[in-house]
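1. with the input below, show me the fold.
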Amino acid sequence: MIPEKCIEFYDDRKICIATENGKTYKLNNVSKFRIRKVKVDKCLQQQEGEKRCDYLMNIEEENLRRAIFIELKGGGLTAALKQVYSTVIYLKGEFKNHQLDVRIVGSRDVPGFIDASDYRKLAKELLLTGGSIERATNNIYSENI
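-> Residues are numbered from 1 along each chain as shown. Sure thing, here's the model as predicted:
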């Protein structure tokens with residue numbers, strides 16, 4: 001389901017970064033896992049008018065199977081939920097037995113974001129895998145793995 005041309009890297013680099021329009025997601029690979037970074041939007045198959053999240057990073061280690069769906073958004077955090085949900089549903093079969101997480105990086109917060117029906121729908125999907133939704137509203141999100 002993920003074509004080779006969409007894979008930006010698959011290695012054990014110390015810092016994995018996804019950046020777009022001044023927004024950055026940073027994964028500090030302190031565990032030295034092999035991480036695959038995939039360009040999703042406009043690279044994976046999608047229908048006319050359909051939007052996907054920007055990137056995906058996944059880990060396939062003996063003790064950790066995890067996929068992180070990343071959306072880098074200027075505004076419109078609510079629209080980001082729809083894009084990520086669409087991508088999670090599309091790739092769910094590819095990541096069976098994985099923890100599915102979502103990271104949304106924007107420039108400002110949106111009141112009522114976690115009360116939105118799209119948020120609850122996405123959270124329900126992720127909860128089944130032990131995953132979570134995290135968002136940053138200061139243009140950068142960083143976490144360790």
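
2. neighbours around residue 60, how many?
-> Taking other CB atoms under 10 Å as the neighbour definition, residue 60 ends up with a count of 15. (C-beta placed from N, C-alpha, C; glycine too.)

3. against which helices or strands is the helix ranked longest in the chain packed?
-> Criterion DSSP state H: the longest helix present in the chain is helix 77-91. Secondary structure elements in contact with helix 77-91, counted by 3 or more CB pairs under 8 Å, 6 or more residues apart in numbering; DSSP states H and E, are strand 65-72, strand 99-105, helix 117-127.

4. out of the ones you listed, the one nearest residue 29 is which?
-> Counting by CB to CB, residue 29 lies closest to strand 65-72 out of the helices and strands packed on helix 77-91; the figure is 12.0 Å.

5. just checking: what are the partner strands of that closest one?
-> Its sheet considered, strand 65-72 pairs with strand 55-60 (antiparallel), strand 99-105 (parallel) by DSSP bridges.

6. quick check: buried residues in it?
-> Counting neighbours by 16 or more other CB atoms under 10 Å, one finds that the buried residues in strand 65-72 are 66, 67, 68, 69, 70, 71, 72.

7. pretty sure residue 83 is touching residue 52, no?
-> Yes. With contact taken as CB atoms under 8 Å, residue 83 and residue 52 are classed as touching, separated by 6.0 Å.

8. what's the end-to-end length of stretch 127-143?
-> End-to-end span of stretch 127-143 (CA to CA, to the nearest Å): 20 Å.

9. what's in contact with that stretch?
-> Identification of contacts with stretch 127-143 by CB atoms under 8 Å, 6 or more residues apart in numbering yields 22-28, 77, 98-109, 113, 119, 122-123, 126.

10. quick one: distance of it to the chain centre.
-> Between the mean C-alpha location of stretch 127-143 and the chain-wide mean there is a distance of 8 Å, by CA atoms, centre = their mean, to the nearest Å.

11. same check on stretch 47-67?
-> Centroid displacement of stretch 47-67 relative to its chain, using CA atoms, centre = their mean, is 6 Å.
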